[in-house]
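> Need the 3D shape of this:
(chains A, B, C, D, E, F, G and H)
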Number of protein chains: 8
Amino acid sequence: MIFAKDDKLVMIGDSITDTGRLKPIGEGKNDALGNGYVSVVNAMLHTFYPQLGIRVVNMGISGNTTRNLVERWQTDVIDLKPDWLSIMIGINDVWRQYDRPTIREAHVYLDEYRSNLDGLVKQTLPLVKGIILMTPYYIEPNKEDAMRRSMDQYGEAVREIAEKYGTRFVDTQKCFDSLLEHMYPATLAWDRVHPNLTGHMALARGFLDAVGFSWK
Amino acid sequence: MIFAKDDKLVMIGDSITDTGRLKPIGEGKNDALGNGYVSVVNAMLHTFYPQLGIRVVNMGISGNTTRNLVERWQTDVIDLKPDWLSIMIGINDVWRQYDRPTIREAHVYLDEYRSNLDGLVKQTLPLVKGIILMTPYYIEPNKEDAMRRSMDQYGEAVREIAEKYGTRFVDTQKCFDSLLEHMYPATLAWDRVHPNLTGHMALARGFLDAVGFSWK
Amino acid sequence: MIFAKDDKLVMIGDSITDTGRLKPIGEGKNDALGNGYVSVVNAMLHTFYPQLGIRVVNMGISGNTTRNLVERWQTDVIDLKPDWLSIMIGINDVWRQYDRPTIREAHVYLDEYRSNLDGLVKQTLPLVKGIILMTPYYIEPNKEDAMRRSMDQYGEAVREIAEKYGTRFVDTQKCFDSLLEHMYPATLAWDRVHPNLTGHMALARGFLDAVGFSWK
Amino acid sequence: MIFAKDDKLVMIGDSITDTGRLKPIGEGKNDALGNGYVSVVNAMLHTFYPQLGIRVVNMGISGNTTRNLVERWQTDVIDLKPDWLSIMIGINDVWRQYDRPTIREAHVYLDEYRSNLDGLVKQTLPLVKGIILMTPYYIEPNKEDAMRRSMDQYGEAVREIAEKYGTRFVDTQKCFDSLLEHMYPATLAWDRVHPNLTGHMALARGFLDAVGFSWK
Amino acid sequence: MIFAKDDKLVMIGDSITDTGRLKPIGEGKNDALGNGYVSVVNAMLHTFYPQLGIRVVNMGISGNTTRNLVERWQTDVIDLKPDWLSIMIGINDVWRQYDRPTIREAHVYLDEYRSNLDGLVKQTLPLVKGIILMTPYYIEPNKEDAMRRSMDQYGEAVREIAEKYGTRFVDTQKCFDSLLEHMYPATLAWDRVHPNLTGHMALARGFLDAVGFSWK
Amino acid sequence: MIFAKDDKLVMIGDSITDTGRLKPIGEGKNDALGNGYVSVVNAMLHTFYPQLGIRVVNMGISGNTTRNLVERWQTDVIDLKPDWLSIMIGINDVWRQYDRPTIREAHVYLDEYRSNLDGLVKQTLPLVKGIILMTPYYIEPNKEDAMRRSMDQYGEAVREIAEKYGTRFVDTQKCFDSLLEHMYPATLAWDRVHPNLTGHMALARGFLDAVGFSWK
Amino acid sequence: MIFAKDDKLVMIGDSITDTGRLKPIGEGKNDALGNGYVSVVNAMLHTFYPQLGIRVVNMGISGNTTRNLVERWQTDVIDLKPDWLSIMIGINDVWRQYDRPTIREAHVYLDEYRSNLDGLVKQTLPLVKGIILMTPYYIEPNKEDAMRRSMDQYGEAVREIAEKYGTRFVDTQKCFDSLLEHMYPATLAWDRVHPNLTGHMALARGFLDAVGFSWK
Amino acid sequence: MIFAKDDKLVMIGDSITDTGRLKPIGEGKNDALGNGYVSVVNAMLHTFYPQLGIRVVNMGISGNTTRNLVERWQTDVIDLKPDWLSIMIGINDVWRQYDRPTIREAHVYLDEYRSNLDGLVKQTLPLVKGIILMTPYYIEPNKEDAMRRSMDQYGEAVREIAEKYGTRFVDTQKCFDSLLEHMYPATLAWDRVHPNLTGHMALARGFLDAVGFSWK
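So this is what the prediction gives:
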C-alpha cells in the first residue's frame, strides 16, 4: 500500500465527502470524519494496517463546487500540510445545471471545471507525496440521461487531468455502474446522488483499490 | 363543472395526497388539507367557484398501497359519505419492488393491484355521484427505466378500470411527461416521486381539467 | 403572456409576500419562495409555460412598510437586476395606525406612502421590462370599517401611480371582495390580513390575469 | 359582594375561559388558572378580599360549544360541588358557522344552543348558591356584520335564560362595545375573538361588577 | 387621574417589572409588557380610560440594581422621552447581601442605593410631567427578619427621596403587608420575592391608587 | 457503623429525597439516585467504606405526603426487601396547608400524619434490620412563623414515633437551625424548602451521624 | 461464500449489534440497520456480491443478556424465518457483575450463560441453514484485568458451544487483541466496550472472514 | 483548618473540575460550581464551617491542558485575586497521547507539562496565601497499563513541584487506588477518567484532608 507510517491523508470534496464531519477541521472528536466513505476508508486503514497510524482528515463541505475549493484551498488543504490528498468534486458543478436551471450564475460549466481542477492539482502536487483524483458520479444507469451524460464528461476531464499529472485515479462512476447492473438506483440513493452505506462502501472500495489496499 | 353546491369531495391516496394533512380526518383546521395537490384543488375550487361551498376532505396516508386502502376503506371512505371520491394510489405498490427488493412481502404486484383497485371502485360507485381515478406516476422521462416501465403498467390498469366503470380519469403520468419535455426531473422532485409545488400544480391541473374546471 | 424565455421576476412586499421564504434571497432551495401567492404564481408559470424557464425571486419581508422598501431597495431589487418587478406593499403602513395606535412613529400616513411608492417606481421603471403594482387589501367586507376605508385610500394611491407610470396593475382588494360576497372573512384569514391558500390563490389569480396568463 | 368566606367558584367555558389552564382541574399549581379573565378575577378577589379565601377553579376547554358542556357537565361541574358557577359559552356555537361553513355537523344553531344552556342552568341551580351567566361576544363594532348579528342573538338567549331563572348576568358584548367606541378591534384581539389582557380585564370588570365587587 | 390623553408612561425596574417583557423596548408586540404589574396597569388604564390612549412602555430588566439603572438611564429612560416615569428598584440591591453573602462586590449598600436613586430622580424630574417612586418590598411578615429589616430601610430611603422631590409614592411593602395579615407568604410567592398574579395585582392597585385611578 | 457488608438501604420520601432519581426504581443507571442527600450518602458510604458494597435505593417521589406513602408502601418498600429503611416525609403534609390554603382536601393534618407514619413503621419494623426516621424541616429561622411552628409539631411527632419503636432518629430541623445561625435562608434554598447541595450535605451529615459513620 | 441468492440473515445481540437500529424490526427504512458492524457487513455484502440480494435484519437490543434473548427468541428470531443467524451476546452478562456489583439479580453467571446460549443454538439449528456464533469481547489488553478474565471465560464457552454444534465461529476478542498490539484502548472505545467505526470494522472483518467473504 | 473567615478559594483545572460550572465565572447562580468535587468541597466547607463564609470559585474548563492554563492564567486566576488556589491539571496532557495518537500537536509531553506547571506556581505563590496542588489520575488499577504509567510520571512531577515550592499537595491517584482495591473501575467511571459522585467524593476527601478539614 502506498501510505507509510504516520502519513497524513486529507480528503476534500462536497457533501459526499462531508457527510456531517466536524467543522472546521474534520478530525479529533468522535464522528469527526462524518459517516460516509471517508470514515469507512479510515476504519479500513486502521483495522487492516494498525501499525501505520495513518491520520485521515475530512475537509469536505456540502454543496461545494470547484469554485469553492479554489477559494478555500490555502486554508483547507495547503495549510494542513498533507502527505496525501484525495479530491472528489464536480457533482454540484453539474447538478446545479439540472436542478436549478434558472440560476445560471451557480452553474460551473465544463471548461471552468477542468481549469479549476487542473489548477488545484498543479499547485499542490509539488507539496505532497501524491494525489488521488476521484471522478464525480451519478447513480443513474441510463447513459442517455442528460445529467448522466454531463457527469460522464466531467468524469472524463478528471481522468485526463489524472493522466496529465500522473496521479492516482478512481473512476467512482464505474464503481456504481457495476452495482447498478444488479440494483435499481433507489436501493442505493434517495436522489441518485447521496448514497447509503452500501454506496459509500463502493466509493471506499474504489479508493482503497487505488491505493494498493489488500484484505489480508 | 361537475360539482354542485355543498358537494363533499373525499380525496384518498398515499404520501402524494397526504402531504402532512390533519389526522384522522383531513379537514377543519388550518393546513388540514396538507400542502399538495389536494390543497391546491381546494383553493382553486373556492377561489373560482366561491358560490358552491364545496367541501374537500383529504384522507391520504403516506406509504399506503392498495392493500392499506382495502383495510381502511369502510372508516376512511364509506363512513364519510362523500358525494365524490378521487383515488390516486399505486406508487408504493410499485416502488417497494425497486427500493426494497429483498423485502418481498411488501411488494404489491400488478394482479393484486388491479384486483384491489377494481374491488374498491365496484363497491363504492353505487354510493357516490362519481369517482375520479388518478394513475400513479414516476417523474422519470426514460420509458425504458425499469421502475417507469412498471409504473406505466399500473397506470394502464387504472385506465382500464376507469373505462370498465365509466369513471372520470386523470393520466397523471402524462401531466408530468409534458413537463419533462422542458425540465429535468431534479427540478420537480428530489426523488422523482415527491414533487414540489410545481409538480403538485400539474397534478391539480390534471384533476381540475377532468372535472370541468374553467379559469374564468 | 408578457414574460419571455429566461425572464427574471422579482416579487417584493411584506408578510403576505414573505410567507416564510428563504433569507436573504428567496430562491434556490426547496420552499425558498415561501408558501403564499409567490410560490403559487411560480408553480403556475412553470406548469403552464414550462418552455419559458421563468426565474421567480421572492424578496418579501414580514412587517415591512414602504419605509423599509426604500431602505433596502438598492440591495434587494436593483442589485438583483430583475426583468420584471412586482410590488405589493401598504398593509402595514395602514395596520400600525389601527393595531398600535399609541406608537405613532410606526405609522406611515397616506402622503408619505404615496411619495415612497412613487419614488420607487420612478427610479426602477427605466431599469426593467415592466412593473406590476398590486394594491394592499383588507379582508373586511364592510366598506365603512375604519381600517378598510384607509386601505381603500392607499389602494387608490397605488392605482394612481400605476396609471401615472403606465404599469400593470392588480386590484387585490377586488379579488377578495368578490370572494367575500360568498364567504365570511374568517374562512379566508384568521386576522382579516393573512389569508389561507384560497386567499393566496385569489392573489395569484389577480396577478396572473394582469400578466396575460391563460389556462390552456 | 356575594361571595362568602371559603366559597368555591367554578368558572366554565371555552378558550376564552381556558387560556392555558391546568388540566384536568384548573387549580393548585402556579398558572393553573390560565392567563385570562379567570386569573384576573381570582387575583382581584384575593387582593381586595384576602380575608375571604375564595377558591376559584377554571374548567374552560378551548373549542367547546354547549354540546361539549352537556357531555362533561357531571364530571366537570356537578362533581366539583361548587358554591358558585359562572358560564360563558356560545362563541364556538356561532363561529363554526362562519369559519367552517361546509362542516355543518359542527354548527350549533340557536335553538339547540338555547336548549342546551337552559338545561344546564335548570339542572344546576338547585345545587349551588348562584350562577353567573355571561354572554358570548364578538369584538366587531359593526352590528350589521353577519357573525356579530348571530352573536347578538345568542347573547340575547343568555339574557332570557338569566331572567327566566333569576341568575346574575354579564353582558360581555357590552363590555367590549364600550371599548370599541375608542379602540379599533385589532388593538384588542388578533382575530376579534381572543383578546389581550386589556380585553380580559374588560371581561373581569363585567364579572366583578355583577358580583358586587368594590375597589376600596 | 393624573394621566392625560396620549401620555407616555415608562416603567423601569428589576425582574418584578421585567416579567418577560419584549427586549430591547417593552412595547408593540403581544405580551411586550410581560405578565406582571406593568401589564395589569396597562390593561386597567385601557379598560377604564379607553379614551386616553395611554402608552405604557416596560423597561424592567431582571436582576437589576440601582447601579444598572445608572448605567442604562440615558438610553433606556431619557432617550424614550416619557411623560411619566415609574421606578421600582432595590430588591436586588438588598437581596444579593442575603443570598450571595460572599460575593461582596455585588452588594449595593444603603448609602450607595440612596445616592443612586436620588441622582436618577434629580436628573429626570425636569424632563417629565411626573415620577412615581415605588419602594422595594419583601413578602415576609416578620419585621425582625434580617432581610425584611434591610428592605424596610431601603423602602424608607425611597420615601425620603419621594418627599424631597415631591414625587408620587407607592409603599409596595404596605400593599403586601395588608395581604399577609390573611395569607401565608407561600400563597403569594415561591421565594417571597416574585409574586403570582395576586401579588402583581396588589402592586398594580398600589400604583393605580397613587395616580388617581377610579373604578367607575 | 450500623451497616454490614452487602446491606440494602432503601430511602423513601418526597421531593427532597427524589431530586430527579430514576423511575420506577432509583438505582442502577448513572444519576439514578438523583442529586440530593441520597446520592451524597451513597457516595460517602462507598468512598469511606468501599469494602462494604452497600446498596442504596432511592424511592422518593416529589410532592408526596404520608398518604401517598401508605398507598405505595407494598410495592415501593416491602417488595424491595430492604435491610435498612430511611423515611423523611411530612413537608408536603404541612406545606399544602400554607401554600394552597383553599384546597383543603390536600391537607394532611397532624393526627392523620402521626397515624399514617406510625402505621408504616409498625408494619415494617419486623421486616428490616432497622429504620432511620428523619423529621421534616423548614429552612426558616423564625420559630414564630406559622408554617415553622406547624413543621416543628410534625417533627415532634416523628421523634415520638422514633422513641416509641426505638428506631434511629435524625432531627433534620436541627441540622438546618445550626446553619441558620450563620446563614440567611436564601443562601440555602430558594423557597426555604428545596436546598442546594450545602443543605443536602447537612441532611447527609445528620443521617451519617445517626448511623455511626466516621471520617477516617 | 456461504450465502446464496436471496438468503435472509438475522443478526441478534446487545448494544454492539443494536447501534440505533429501527424498532421493532431492523430493516426497510434508511439506517434501519444502525451504524455498527451489522450495517458494515450489509454494505460489504451488497457492494461485493450485488447479484445475491442478501437480506440482512438487525435484531440487537441494547443492554440485553442471554436472559433477554431467551425471552424474545420466538418473536425476534424464529418467527422471522431466517436462513442464517448470527449471535453475539454476553458482554452485559459479564459487565453487570463489574459496573453494578450490588445489583446481584442482574448478573448472569457463567453456568447460566452457557446453558442459555446452548439452548438457543440447539433449538434453532434445525430451522436454519447455519449459525454464526460470535464471542463477547472486552477492549482491554491486560489479560489479568478481572473483567477481561471473566469475558475470556464466556468467550471460551461460546467456542465450546460452536464446536459442540459445528457452527461457524468468530473470536471477536482476537479481532480486538490484534489491534491492541498497536493501539491504546481509548482510540477504539470510550468505555472499552462500545467501539468506534474502526472497532466495528474489526468485528465485520471477523464475521466476513468466517462466512467466506473475499475482496475481489 | 487552613482557611480563614471570608477567604476566597479559586479551583482551576479541566473537565473534572469544570463539571458543567457557570461560565465565564463559576460562582453566584445555583449550580454555578458544577456537580463535581468543587461543589462537594464547597458544600462541606459551608456545612461544617458555616461561620467562615468561604467563597469558592470554579474556573475549570473541559479539555484543558497546562497549555490552556498558561494562556488564560492572568484573566482566570490572577485577576480574580484569590486567597487560595487549587490546581488539578494534566489528564488531558497525557490522554491526547493515547486517544488521539496521530494528532501529535495536541500532545503535551512531560517536560513541557512540568515546565508549564512550575511556571504557574512560581508566578502565583507570592500573590496568594497558599496553593493546593492536585495530581492528575487515571482510574486504572493496572500500573503496567501504558497510560497509567504516563499518568504516574505526571503525578510525580506534581509532587516534585509541590515539594520544591512547599505547597499543599493531594495525591488523587492514591485516593482512587484505595477505592480500586474494592471496586472495579467501571463502578466509578465510564471511561476511567470522569468519575461519578463517589469518585468526586474521593477527590473532595483528598482535598479536605489536605486543608485540615475535620468532621466534627
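
> The residue of chain A positioned farthest from its centre: what's it in contact with?
In chain A, the residue that sits farthest from the middle, by C-alpha atoms, centre = their mean, is residue A:102; the gap is 27.0 Å. Each residue near residue A:102 by C-beta atoms under 8 Å, 6 or more residues apart in numbering or on different chains is listed here: C:6, C:8, C:53-55. For the C-beta atoms, the positions are set from N, CA and C on the backbone; glycine is no exception.

> Excluding residues flanking it in the chain, which one is nearest the one residue in chain A that gets nearest to chain F?
Going by C-beta to the nearest C-beta, chain F is nearest to residue A:30 of chain A, at 18.7 Å. Once flanking residues are discounted, residue A:30 sits nearest to residue G:196: 6.3 Å by C-beta to C-beta, 6 or more residues apart in numbering or on different chains.

> Endpoints of stretch A:159-172, how far apart?
11 Å (C-alpha to C-alpha, to the nearest Å).

> Around chain C, pick out the residues from chain A.
A:100-103, A:106 (C-beta under 8 Å from any C-beta of the partner chain).

> how about 6 Å then?
Counting by C-beta under 6 Å from any C-beta of the partner chain, chain A comes close to chain C at A:102-103.

> Tell me the buried residues in stretch A:83-99?
Of all the residues in stretch A:83-99, those buried under the rule 16 or more other C-beta atoms under 10 Å in any protein chain shown are A:83-99.

> Then stretch A:169-185?
A:169-173, A:175-177, A:179-180, A:183-185.

> Between which two of those residues is the distance greatest?
A:169 and A:184 (27.9 Å; C-beta to C-beta).

> ok, residue A:26 touching residue A:36?
No: Residue A:26 is not in contact with residue A:36 according to C-beta atoms under 6 Å; the separation is 11.0 Å.

> Just give the closest residue to residue A:162, not the sequence neighbours.
Nearest one to residue A:162, counting by C-beta to C-beta, 6+ apart, is residue A:169 at 3.9 Å.

> So what sits opposite that neighbour in the bridge?
Residue A:169 has the following beta-bridge partners by DSSP bridges: residue A:133.

> Who are the packing partners of the helix or strand encompassing residue A:57?
Taking DSSP states H and E as the criterion, the element that holds residue A:57 is strand A:55-58. Strand A:55-58 sits against strand A:8-13, with contacts defined as 3 or more C-beta pairs under 6 Å, 6 or more residues apart in numbering or on different chains; DSSP states H and E.

> what is the residue nearest the centre of chain A paired to in the beta sheet?
By C-alpha atoms, centre = their mean, chain A has its centre lying nearest to residue A:88, at 2.3 Å. Bridge pairing for residue A:88 (DSSP bridges) gives the partners residue A:13, residue A:134.

> ok, now residue A:195?
Here residue A:195, judged by DSSP bridges, has bridge partners residue A:189.

> Let me know how buried residue A:143 is, in neighbour terms.
A count of nearby residues for residue A:143, using other C-beta atoms under 10 Å in any protein chain shown, gives 12.

> Residue A:45 too?
25.

> Same check on the one 10 residues further on?
A count of nearby residues for residue A:55, using other C-beta under 10 Å, gives 21.

> Make sure it is actually in contact with residue A:10.
No: using C-beta under 6 Å, residue A:55 is not in contact with residue A:10, being 9.2 Å away.

> Now find how far off-centre the strand holding residue A:57 is within its chain.
How far strand A:55-58 lies from its chain's middle: 13 Å, per C-alpha atoms, centre = their mean, to the nearest Å.

> buried ones in the very next helix or strand once past it?
Note on strand A:55-58: by DSSP H and E, the next helix or strand toward the C-terminus is helix A:66-76. Neighbour counts over helix A:66-76 (16+ other C-beta under 10 Å) mark A:66, A:68-70, A:73, A:76 as buried.

> Next, the angle strand A:8-13 makes with helix A:66-76.
150 degrees (axes from the mean of the first three to the mean of the last three C-alpha atoms, to 10 degrees).

> Give me the contact list for helix A:66-76.
A:59, A:89, A:93, A:108, A:113, A:116-117 (C-beta atoms under 6 Å, 6 or more residues apart in numbering or on different chains).

> what's the answer for stretch A:187-195, then?
A:139-140, A:185, A:199, B:99, B:190-191.

> one more time with 7 Å, if that's ok
Stretch A:187-195 is contacted from outside by A:15-16, A:91, A:95, A:138-140, A:179, A:185, A:196, A:198-199, B:99, B:101, B:190-191, using C-beta atoms under 7 Å, 6 or more residues apart in numbering or on different chains.

> Filter those down to the ones in helices?
Judged by DSSP state H, helices contain the following of the contacts of stretch A:187-195: A:15-16, A:91, A:95, A:179, A:198-199, B:99.

> Pull the distance from stretch A:9-21 to the chain's centre.
7 Å.

> Equivalent analysis for stretch A:40-56, please.
Distance, stretch centre to chain centre, for stretch A:40-56: 18 Å (C-alpha atoms, centre = their mean).

> From residue A:197, how far off is residue A:56?
Using C-beta to C-beta, to the nearest Å, one gets 17 Å for the distance from residue A:56 to residue A:197.

> How many residues are close by the nearest residue to residue A:92 once chain neighbours are set aside?
Distances taken as C-beta to C-beta, 6+ apart place residue A:65 nearest to residue A:92, at 4.7 Å, with adjacent residues excluded. Residue A:65: 22 surrounding residues under other C-beta under 10 Å.

> what's the closest of the contacts of helix A:66-76 to residue F:159?
Nearest member of the contacts of helix A:66-76 to residue F:159, counting by C-beta to C-beta, is residue A:59, at 70.2 Å.

> count of neighbours near the residue lying closest to the closest one once chain neighbours are set aside?
Setting aside the residues directly before and after it, residue A:59 is nearest to residue A:12 in space (C-beta to C-beta, 6+ apart), at 4.4 Å. Neighbour count of residue A:12, defined by other C-beta under 10 Å: 27.

> Quick check: residue A:12 touching residue A:60?
Yes: with contact defined as C-beta atoms under 7 Å, residue A:12 reaches residue A:60; the gap is 6.1 Å.

> For chain H, give me its nearest residue in chain A.
residue A:55 (3.7 Å).

> buried ones in the longest helix along chain A?
Assignment by DSSP H gives helix A:146-165 as the longest helix of chain A. Neighbour-count burial for helix A:146-165 flags A:147-148, A:150-152, A:154-155, A:157-158, A:161-162 (criterion: 16+ other C-beta under 10 Å).

> What about the closest residue to chain E within chain A? Give its phi and psi, please.
Per C-beta to the nearest C-beta, residue A:23 is where chain A lies closest to chain E, at 30.4 Å. Dihedral pair for residue A:23: phi -110, psi 150, per degrees, to the nearest 10.
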